[in-house]
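Participant: what's the 3D shape of this:
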Amino acid sequence: MPSASARNLNNIKIFVLYLMRNINYPMNFATVNDIVRQNDYVMYLDFAEAFHQMLDSGLICEDGKDETGDTLYSVTKRGAMVAEELHRDIPPAILDQSLSCALRYLDFQRRSITVDCTSERRGDNSFDVTLTLKEQNKILLSTTVNVDSEYRSHQIRQAFRERPDVIYRGIMALLAGKVDFLFDK
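Facilitator: Below you'll find the model as predicted:
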């Protein structure tokens, strides 16, 4: 029987193969890493180890280069079979949520939306945190909030960099009046 660590690495492989197969176009290592880590199911070191093992075992393969010269990767037929046969080992809620997050992330990336976060200390030792999303020459979102500490400023900037699509959708929902989830019923 495999060790807990080996079972965990196998689940990570299945998880990565499932996402890559469902996205269904070649991606570079950094993009695969980003989509896999959209929620906290997989840590980077585990992902990197699983990725290289999948490459060595023929579950994924090199599939050309992108415009910057980075190697692109795709799921092989064998990898697609593994994902199809074994994805039931991972709770469906995790797979569904992860695929949804990955597709939203890729939509932002494909549209070349840039994320900018800045922080400026004010005279009263509070911080103005400015968050901006741009698509080419169009500003999709620009907002500044004032927070009480450098730590909170850092948290906001980090969260915005990690999940700008989620924050954007949340702000848009709030502005559109879809706020029932905020109130206890």
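
Participant: low pLDDT regions in the chain?
Facilitator: For the chain, the stretches with pLDDT under 70 are 1-7, 180-185.

Participant: domains of it?
Facilitator: Under automatic domain parsing, the residue ranges defining each domain of the chain are 4-109, 113-182.

Participant: can these go into CSV with extra columns for mean neighbour count?
Facilitator: (Glycine included, C-beta is placed from N, CA and C.) Converted to CSV, these look like this (neighbours: other C-beta atoms under 10 Å):
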stretch, mean neighbour count
domain 4-109, 16
domain 113-182, 14
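
Participant: residues contacting the closest residue in space to Ala102 that isn't next to it in sequence?
Facilitator: Nearest residue to Ala102, sequence neighbours excluded (C-beta to C-beta, 6 or more residues apart in numbering): Ile35, at 3.8 Å. Neighbouring residues of Ile35 by C-beta atoms under 8 Å, 6 or more residues apart in numbering: 19, 23, 27, 101-102, 105-106.

Participant: what about Thr68, which SS state?
Facilitator: coil (DSSP: H, G, I helix; E, B strand; the rest coil).

Participant: quick one: it from Thr31, how far?
Facilitator: Using C-beta to C-beta, to the nearest Å, Thr68 is found at 11 Å from Thr31.

Participant: what does Lys134 give?
Facilitator: Distance of Lys134 to Thr31, given as C-beta to C-beta: 20 Å.

Participant: can you give me how far stretch 159-170 is from the chain middle?
Facilitator: Centroid separation for stretch 159-170 versus its chain: 10 Å, with C-alpha atoms, centre = their mean, to the nearest Å.

Participant: so which residues of this structure form helices?
Facilitator: 4-23, 29-36, 44-56, 77-86, 92-110, 150-162, 164-175 (DSSP state H).

Participant: relative to Asp124, which of these is closest?
Facilitator: helix 150-162 (13.1 Å; C-beta to C-beta).

Participant: measure how the closest one sits relative to helix 164-175, angle-wise.
Facilitator: 100 degrees (axes from the mean of the first three to the mean of the last three C-alpha atoms, to 10 degrees).

Participant: how about residues contacting helix 150-162?
Facilitator: Contacts of helix 150-162 (C-beta under 8 Å, 6+ apart): 115, 117-119, 121, 127, 129, 131, 145, 147, 167.

Participant: right, I'll call it a day here.
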